[in-house]
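Undergrad: Fold the stuff below for me.
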Amino acid sequence: MMQHDSVDEDDEGNQREPLVDARNASGVMFGHSGTMINHYGSEPGLTAAALADLRPRAAATRIMALSRDRALVLLTAMPDTATAPILQALFGINEDLTIALLTELSTDRAAGLIALAQLADLADLPEASEAMAHCQDRWREVFDAQPQAIQRCGPAHGRGHGGFNQRFDHGAICWSAATGAQPTTWAIAAHHDSLGGCAGRLGFPLAPPEKAGPSPSGTCGTVQRFEGSRDCGDGTRAVPGATTGAAIYWSSQHGAHAVWGGIGEFYEQRRGPAGVLGFPTTDEMAVGPSRSGAGDRGWRQRFEGGTVYFTPGAGAFRLPAKIADYHDGKHDVSGVLGFPRSPATQAANSPQGTSGRFQRFEGAWDYPPDVADRLLGLEHGGGATVYWSREHGTHTVRAGNGLCYEQLGGTASWLGFPVSDEQVVGSTWGGRGTAQAFQGGIIFYTDAHGSLPVSDPVLQAIAASIPPEVALSRAHLIVDAIGFPVSAEQLVGPSRVQLFQRGVVTIGDDHIEVWRK
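TA: The predicted model follows:
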């Protein structure tokens, strides 16, 4: 909007606000916003006086039948006391046209008419229109096309305030009293629109787009900060003078994706794309429930450097890429692992000299409190753990096997790191159960006897007692030869003894004997 000091006359001798003195090569004059003025409407004989004599709603209906430029000529020729009731009626019928006409008037006159017509929803329009025009000038290289009309937008989700926006071929300008006029451009603008625009969870932009990256993967791109539905906590990287609640990140490799809420806060606290997570590769999506439909619900978002899960009860945790791929292969949160319950943490070195990491998960049920209280990373409950080592890959220890393993000391125990997942084994005579291999032995499980570990020396002794031509996997071989264990190793006199379904193994200081039935 612009302030003018003089008036001129239209075709009928009516006074009106002067037009911007700008003509194209054909001599066609343009209005304040660049709209072509042809001075001809569908009712060229209608005068400002005749329009003022009509009831406001009837006058508003006649205004809608005119070209916008003809309507502006008539309204600017009328006194404010006659124009205000017409605008009030028109706002109830055609809000966009009302805004378009007001933005063609001088700033002072538009503000006066808005106040006189009691259009409280448009009280900020004159300020917004001027700020948006200045923003358009600054971003002229992007906004090179004819703009669409200014429209009301909002209220922002979770913030409760509204504003205005104006669309262009390659973006938009959004304005609110809290954020001022800010541009959104290209893919970020399109993604903002797809998520509900200023009325969606992102709300109004807080600042123009800016460069982001590089990520640890070498990706560079753009970020734009938005209000979000809530402010982030201490330690979150923010726009100077404001605490950002959301952002859209764009890269040519991964496109535009929003981060917000608990995952967004977690991401920004870890230096955004410059941190270990890199650029987002998907938007956030709702996942769950876990535990076969009876467990937790939350959200998941994928990044270059892993996947982040968030639940209201436990918060946000990152799954490193190796663990994330493994988790996906186990049917994500609907599988046996459920949601993560701890960050990935350095595991104790095994007696075999292996190092690696572990991460706690929800599992099918929680470990008992007396066990959970002793285990690192189980502050939020859980009953499964994923272990990773370079030598042996990624494996889950859970349920009864997990309880047995953790009580023995996990990776620091004689079992060391897991080298396989739990597998079904059995024999025609000994029934069925499971076996899970570790560096130092195997944990066998049966319904009758639960989870029982067998050490590698005992396994070797049993295997040595079987004819060499028998070709079975190690666990199958043991079960086929001597059955499942029915007890853990126990001290009997000077030796240790372990009982099996079809035999007994005695373990001395320098020898192991296998007694098979």
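Undergrad: For the rest of this, base every contact and every neighbour count on C-alpha atoms.
TA: Noted.
Undergrad: quick one, strands of the stretch 401-517 of the chain?
TA: 423-427, 431-438, 441-446, 450-455, 490-492, 495-500, 503-507, 512-516 (DSSP state E, counting those that start in this stretch).
Undergrad: which one of those lies closest to residue 54?
TA: If you check each of the strands of the stretch 401-517 of the chain against residue 54 by C-alpha to C-alpha, strand 423-427 wins as the nearest, at 86.2 Å.
Undergrad: Paired strands for that closest one, with orientation please.
TA: Taking DSSP bridges as the criterion, strand 423-427 pairs within the sheet with strand 431-438 (antiparallel).
Undergrad: what's the closest non-adjacent residue to residue 113?
TA: Nearest residue to residue 113, sequence neighbours excluded (C-alpha to C-alpha, 6 or more residues apart in numbering): residue 84, at 5.5 Å.
Undergrad: and the helix or strand harbouring that neighbour, what does it pack onto?
TA: Counting by DSSP states H and E, the element that carries residue 84 is helix 80-93. Applying 3 or more C-alpha pairs under 8 Å, 6 or more residues apart in numbering; DSSP states H and E, we find helix 80-93 packed against helix 56-65, helix 95-102, helix 107-116.
Undergrad: Turn those helices into JSON lines, columns for distance to residue 513.
TA: Formatted as JSON lines, those follow (distance: least, C-alpha to C-alpha, whole Å):
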{"stretch": "helix 56-65", "distance to residue 513": "101"}
{"stretch": "helix 95-102", "distance to residue 513": "92"}
{"stretch": "helix 107-116", "distance to residue 513": "99"}
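Undergrad: Among those helices, which comes closest to residue 382?
TA: helix 95-102 (55.0 Å).
Undergrad: Give me the buried stretch members for the closest one, please.
TA: Burial within helix 95-102, assessed by neighbour count using 16 or more other C-alpha atoms under 10 Å, is assigned to 95, 97-102.
Undergrad: isn't the residue nearest to residue 113 right up against residue 116?
TA: Yes: with contact defined as C-alpha atoms under 8 Å, residue 84 reaches residue 116; the gap is 6.0 Å.
Undergrad: gap between the nearest residue to residue 320 once chain neighbours are set aside and residue 278?
TA: Nearest residue to residue 320 in three dimensions, chain neighbours excluded: residue 306, at 4.6 Å (C-alpha to C-alpha, 6+ apart). Counting by C-alpha to C-alpha, to the nearest Å, the separation of residue 306 from residue 278 is 9 Å.
Undergrad: The two: who's more crowded?
TA: Legend: neighbour count by other C-alpha atoms under 10 Å for residue 306 and residue 278, higher for residue 278 (24 against 20).
Undergrad: The more buried one: what's it in contact with?
TA: Listed by C-alpha atoms under 8 Å, 6 or more residues apart in numbering, the contact set of residue 278 reads 213, 215-217, 219, 272, 303-305.
Undergrad: List only those of those residues flagged as buried.
TA: Buried residues within those, counting neighbours by 16+ other C-alpha under 10 Å: 213, 215-216, 219, 272, 303-305.
Undergrad: Let me see the contact set for the spatially most central residue of the chain.
TA: Geometric centre of the chain, nearest residue: residue 284, 2.9 Å, by C-alpha atoms, centre = their mean. Shown in contact with residue 284 (C-alpha under 8 Å, 6+ apart): 258-259, 299-302.
Undergrad: could you measure it against residue 120, distance?
TA: Distance of residue 284 to residue 120, computed by C-alpha to C-alpha: 37 Å.
Undergrad: Kindly report the same for residue 449.
TA: 76 Å.
Undergrad: who's more crowded, these two?
TA: For residue 449 versus residue 120, the count of surrounding residues by other C-alpha under 10 Å is larger for residue 449: 14 against 10.
Undergrad: I'd guessed that one sits against residue 486; true?
TA: Yes: in this structure, residue 449 is within contact of residue 486 by C-alpha under 8 Å, at 5.7 Å.
Undergrad: mind listing the helices for the stretch 351-500 of the chain?
TA: Counting by DSSP state H, counting those that start in this stretch, one finds helices in the stretch 351-500 of the chain at the ranges 369-372, 399-408, 456-464, 474-482.
Undergrad: and residue 152, which of those is closest to it?
TA: helix 369-372 (54.2 Å).
Undergrad: Need the contact partners of that closest one.
TA: In contact with helix 369-372 (C-alpha under 8 Å, 6+ apart) are residues 378-379, 381, 403, 406-407.
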